[in-house]
Every structure is written in C-alpha cells, then in structure tokens.
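Trainee: Sequence plus the predicted model coming up.
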Amino acid sequence: MTVSFYAELLSNIQVLRATIATDESVETTSFTVKNNQLWQEDTVVVDLTRHGLQADPHSLQVQAKNDESNHGDRWIYQLKVNLQRQQQTTHSSSSVQLGNNDKEWWTAKDMIGLQWQQLQCRHCAQILVENKNNNLSRCKDLPSEHWYELVECWICHETKPEEHQARMRPILAQHGTLLVGSFYFLIHVNDLVPLSIKLDQELANQINWERGTMTKWISINCNTCGKVIGEGLYECQKDQELNMLALKLYKYCLTIQPNPPELPDFMNFVVGDMVDAAKVHATHRFVIQGKKSSRVYALVWLFNWDTTFIYNDGFKDEVDDMTGKIDFQRGMKILYMNTKDDDQLVKKWNHDKTTDHLIYPDTYCQQLVKSLESTTNILPPSLRTMNHPSMPMTKNFSVGFIHRK
C-alpha cells in the first residue's frame, strides 16, 4: 500500500508531528512505533534512527482526518510522537535566534585559504578580477550591512554623539584589497579586468542626479553574456559622463578559480540576508522586490527560524511513480504570497515600518518565488496555506521553506 508522509520536528518541545495519507482506509491502531521505526501494519514508513531521532513508542497518538482532508480518494491521518532530547537534533534558542548555525560563504579567511586567482562570471566564465602575482592577496571582512544603524544606536546615548557621527564615513573600496561582504565582494575599479563589465544603461537613464547623493549604485552586467553580476558606484561628471569608482560583485553570480569545494547558490544568501536583517530590525516580515523593475514579487513572513522537515514524494502534485524515498531537511519555515504591485496588501506592507525590503535582481526574485512554490508542493494540501484567525496579515498565504546549511 502506498503511504504518503510529511512531518515536522518541533525541537522546542521535542515532538514529531506527521501527516500520512493512504490509498485505502486503515485502523488508527495499525500505526505503531517499533525499533524506532514508524510502521503502518507491515510497512515501514520512516526509520527515525537514520535521521538521529529517538521516539518514545508509548507516546504515539493517531487521529483520522477523513471528514475534511480526504484528497483524491486518499485517507488522511495525523500523528504525534514524543522524542527523546538529543544534542544533534536540538538547537539552542539563542543560536536559532541569532542564526549562528548558518554557514558563512567565502569569507576573507576562506579566500586566503583558497589562494584564489580569479573571480569569474558564473554564467559564461568571463574573468572579472585577476589576482596576478598576489596583487589582491589582502582580504578583509566587512561588517554587517547594517553597521551604520547599529553604531547610531550605540552612540545615541552618549554626551556628545555628534563627535562620533562626524567621524562616521561610508566604507570605500581599497586598491589592492579584496573587501568581503556577506553576499558580495567590494572591488576597487582599478582592480577590475578592463572591458569585463558594462553598465545597465536602461537603469542609468532613469536616475535623477539632481536628487540624493553625488554618487549612486547602479546595476552592472557581464560584458560577455549580459547577465547581472553586481552593481557599480558611479558619479556623474560635468560632461554628464558616468565615472565608476568601485563595484560590488554578488557572490551568487560568481565562481572562484581555483574551484572551491562548495558553490553556494542564491538561496544560501537569502537565508543570511533574512537572519541579518531580523537581528538588526527585529522584523519577521520582508518585501521581495526587483532591483530593475521595482516590482514586488512576494511578501514573506519568517514564521520559524529553525524547522526540520521529513517527507517523501507522496504529497507532490503530478507524481506518476512515487518512490517513497525519505528526505530530511533543515530549513526556515516561510509564509509567503506571490503577488502584484497593485495588491492592497502590498501597499499595506510597504507602509509598515516593521517590514524590511530585500532587493535583488529580478531574475533572482523569480527564482526565490519558484523555490518557495516547489517546497509548498511537498506539503499535504491541507497544510499548504495559512488561514489562522489570529494572523489576519497572512490570510491565504502559502506555506513553504528555505533550506539552511
């Protein structure tokens, strides 16, 4: 008999909650825990030992949900079983809250250890920066993207805060030094391979240089393939020509030579951005916005920092041949809405001071939405949306998750 399985580990209370679907009605007593395995009669649904979990066999509770959850002639059962507390499956509340368990990708220490020679466009391998004769051997980590706000908070109670504020300046690129941010490399223009990048002229034409600062960050593309790779800091000269002073190359648009052991993707950096913004602004709500189009692609609510998901492919839509293979993933549970700019809820979130904006190249915003939708497809249909009366701001939001490493 085919058994569809999805479960979440609630690590704070050490409980595993599962939803199971069968293609025929069974007695709730047919579900048992034996030898640390969940069984349905003679079928092993999941072996918890393989995932470092230890269940209490006497705590298993099973409830049939056939009345409202019968999907496609399948019978739905909800299970709950207590787990024994184990170190490898428990994350302390402080580490979860601060996001200290997440891997930092390509830090200054990593770059020195790799003895890097080139930064290349990930799409076409165009060389963007070369470390010839170790001319860029100096690598330094940059502080948090929100360092200016943090410093302002620290000095606002001092007797003469203006003395410190007068010395606060933007961090500038340094010739011969690779400055490493959380999701980009800050490069001096003289360290760039000539003719390797080009300005996004369409965006540049939209800028009003009479407003705001004298320098502005504008998207830049690879000169070979035309894909976005970062942004350049430009100043407008008297003859209206734009002069580039520095550039940020997004890590998720690059490869390093020699090749590192792991190649992070865009979603790895989304995790870091959300954790970093939440630590500084104490917000769980984000607007995902395209850099070029200014379109709002999604509204995102960070529902749970650290959730473990265990599932097979039984609940996926349009699966012809179910394998029953169990996947075990750690991630952030997300409530999201794929929306349009004229949506009333978008306007409400845009004007809410507790909402943070995460701005990415449009193609990566689309990738983020598709990634979330693919995780929603793993869930049982009854769990794919959030409509809790105590959370009106997320009515009809979809449920998904982002993997963490």
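Mentor: Here it is on my side, so go on. Note that the structure is predicted; figures quoted are calculated from it, not measured.

Trainee: Domain ranges for the chain, per the record?
Mentor: Split into domains by automatic domain parsing, the chain comes to 1-90, 108-257, 266-405.

Trainee: wait, which of those is closest to residue 102?
Mentor: Ranking the domains of the chain by proximity to residue 102 (Cβ to Cβ) places domain 266-405 first, at 5.8 Å. From N, CA and C alone the C-beta is placed, and that goes for glycine too.

Trainee: Any chance of CSV for the domains of the chain, columns mean neighbour count, distance to residue 102 and mean pLDDT?
Mentor: Formatted as CSV, the domains of the chain follow (neighbours: other Cβ atoms under 10 Å; distance: least, Cβ to Cβ, whole Å; pLDDT from 0 to 100):
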stretch, mean neighbour count, distance to residue 102, mean pLDDT
domain 1-90, 16, 16, 87
domain 108-257, 15, 11, 88
domain 266-405, 17, 6, 88
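
Trainee: Residue 116 is in contact with residue 258, isn't it?
Mentor: Yes: applying Cβ atoms under 8 Å, one finds residue 116 in contact with residue 258, separated by 7.4 Å.

Trainee: Stretch 51-60: how far from the chain's middle?
Mentor: Offset of stretch 51-60 from its chain centre (Cα atoms, centre = their mean, to the nearest Å): 30 Å.

Trainee: how long is it end to end?
Mentor: Stretch 51-60 has its terminal residues 18 Å apart, counting by Cα to Cα, to the nearest Å.

Trainee: what's next to that stretch, contact-wise?
Mentor: With Cβ atoms under 8 Å, 6 or more residues apart in numbering as the test, stretch 51-60 has contacts from 9, 16, 31-34, 36, 38, 48, 79-84, 86, 88-89, 310, 326, 328.

Trainee: Which ones among these map onto strands?
Mentor: 9, 16, 31-34, 38, 79-82, 310, 328 (DSSP state E).

Trainee: Tell me the one of the residues you listed nearest residue 263?
Mentor: residue 328 (22.2 Å).

Trainee: wait, residue 296 sits on residue 287?
Mentor: Yes: between residue 296 and residue 287 there is a contact at 5.7 Å, judged by Cβ under 8 Å.

Trainee: shared neighbours of those two, which are they?
Mentor: 346, 350.

Trainee: now the helix or strand residue 371 falls within, how far from the chain's geometric center?
Mentor: Using DSSP states H and E, residue 371 falls within helix 362-376. Here helix 362-376 shows a centroid-to-chain-centroid distance of 10 Å under the convention Cα atoms, centre = their mean.
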